[in-house]
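>>> Provided below are the primary sequence and the corresponding predicted coordinates.
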Amino acid sequence: MRIRTLFLSLLAVLAIATPALAQKKLSKEDKAKLPRIAILDFKAAPDAWHGWRYGGWGNQMGTISNQLRDLFTTEIVEKGKNKIRVIERERLQDIRAELNFQQSGEVDTATVQKIGKLLGVKYVMTGKVTRFAYKEAGFSSGWGVGALVGKVTGSGMAGAVAGSVNVKKASFTGRLDIRLIEVETGEILGAWKDEDKLDDTSVKVAGTGVEVAFDEELVNKVFEPIVQRITPKLLRATVAANEDD
């Protein structure tokens, strides 16, 4: 009886493991045949920046673009294993002079095709930050409260502190527009847009605390969920296009 039980357990394990075993590693030759995709620089729509008062976020679009490319590269490599390859950023930088990109405006299909052919890729992904908004709400205790506290306590310092309390609740909204283009035909195989929101609260007392300076970690927190949702859709579009070839 015990032997029979062990035998059935072994069969069950094999049944579960068989699909995983079937997905064996591709040979170098097979990997070389996988279609390649290039992720171009991200741009910001002219009206993408709403509510920013600190840190010059609009001047950091180059850094934000690099972060977005890194996020998409990681997701595509992890979820598109044995399906597609991502062109290295260094290769894209090698032909940057050919791109003639600016940090705003649309990238026309002819330019995308030219870039794709220079890179030797089958697909090109273009992206735009259509919104990266900052909104704050909260209150400041103000001079009146400070004066009252100072009068009641007889302490000018206590009044100064009470008059400098500033509580903020900040929200950050990010939205991306993504397009997948086939280089050979110039056809747009898919277009997606998605957005997410992050809430944060900061307290500023007597001139200390947190203001909204440029923060790379904040960019990742806002946009990473969007990247994670768009990537599977992009991969499905590339797989379907390959199957149609």
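Good, I have the coordinates. Remember, it's a predicted structure, so these values are computed and weren't measured experimentally.

>>> if I look at residue 34, how far off is residue 127?
Remark: distance between residue 34 and residue 127 (CB to CB, to the nearest Å) = 22 Å. Just so you know, the C-beta spots here come from the backbone N, C-alpha and C atoms, and that holds for glycine as well.

>>> show me which of those two is the more surrounded one.
residue 127 (22 against 16; other CB atoms under 10 Å).

>>> what strand or helix carries the more buried one?
strand 123-140 (DSSP states H and E).

>>> now that strand: buried residues?
Across strand 123-140, burial judged by 16 or more other CB atoms under 10 Å covers 123-134.

>>> so among those residues, where is pLDDT lowest?
The lowest pLDDT within the buried residues of strand 123-140 belongs to residue 134, with 80.

>>> what about the chain, any weak spots by pLDDT?
Residues of the chain that meet the criterion pLDDT under 70 lie in 1-24, 51-58, 96-107, 138-168, 201-213, 245.

>>> the strands in it, which residues?
36-44, 49-50, 85-86, 123-140, 166-182, 188-204 (DSSP state E).

>>> other SSEs contacting the third one?
To tie it back to what came earlier, the one meant is strand 85-86. When contacts are defined as 3 or more CB pairs under 8 Å, 6 or more residues apart in numbering; DSSP states H and E, strand 85-86 sits against strand 36-44, helix 61-79.

>>> what does that strand contact?
31, 34-39, 73, 76-77 (CB atoms under 8 Å, 6 or more residues apart in numbering).

>>> returning to that earlier point: how about the helices and strands packed on strand 85-86, which one is nearest residue 233?
helix 61-79 (10.8 Å; CB to CB).

>>> for that closest one, C-alpha coordinates in CSV please.
Taking Å, rounded to 0.1, in the frame of the first residue of the first chain, the C-alpha atoms of helix 61-79 are listed here in CSV:
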residue,chain,number,x,y,z
MET,A,61,13.1,64.3,-18.4
GLY,A,62,16.3,62.6,-19.6
THR,A,63,16.7,60.9,-16.3
ILE,A,64,13.0,59.9,-16.1
SER,A,65,13.3,58.5,-19.7
ASN,A,66,16.2,56.3,-18.7
GLN,A,67,14.3,55.1,-15.6
LEU,A,68,11.3,54.2,-17.7
ARG,A,69,13.4,52.4,-20.3
ASP,A,70,15.0,50.4,-17.5
LEU,A,71,11.7,49.5,-16.0
PHE,A,72,10.3,48.3,-19.3
THR,A,73,13.5,46.4,-20.1
THR,A,74,13.4,44.5,-16.8
GLU,A,75,9.7,43.6,-17.3
ILE,A,76,10.1,42.6,-21.0
VAL,A,77,13.2,40.5,-20.3
GLU,A,78,11.6,38.7,-17.3
LYS,A,79,8.1,38.1,-18.9
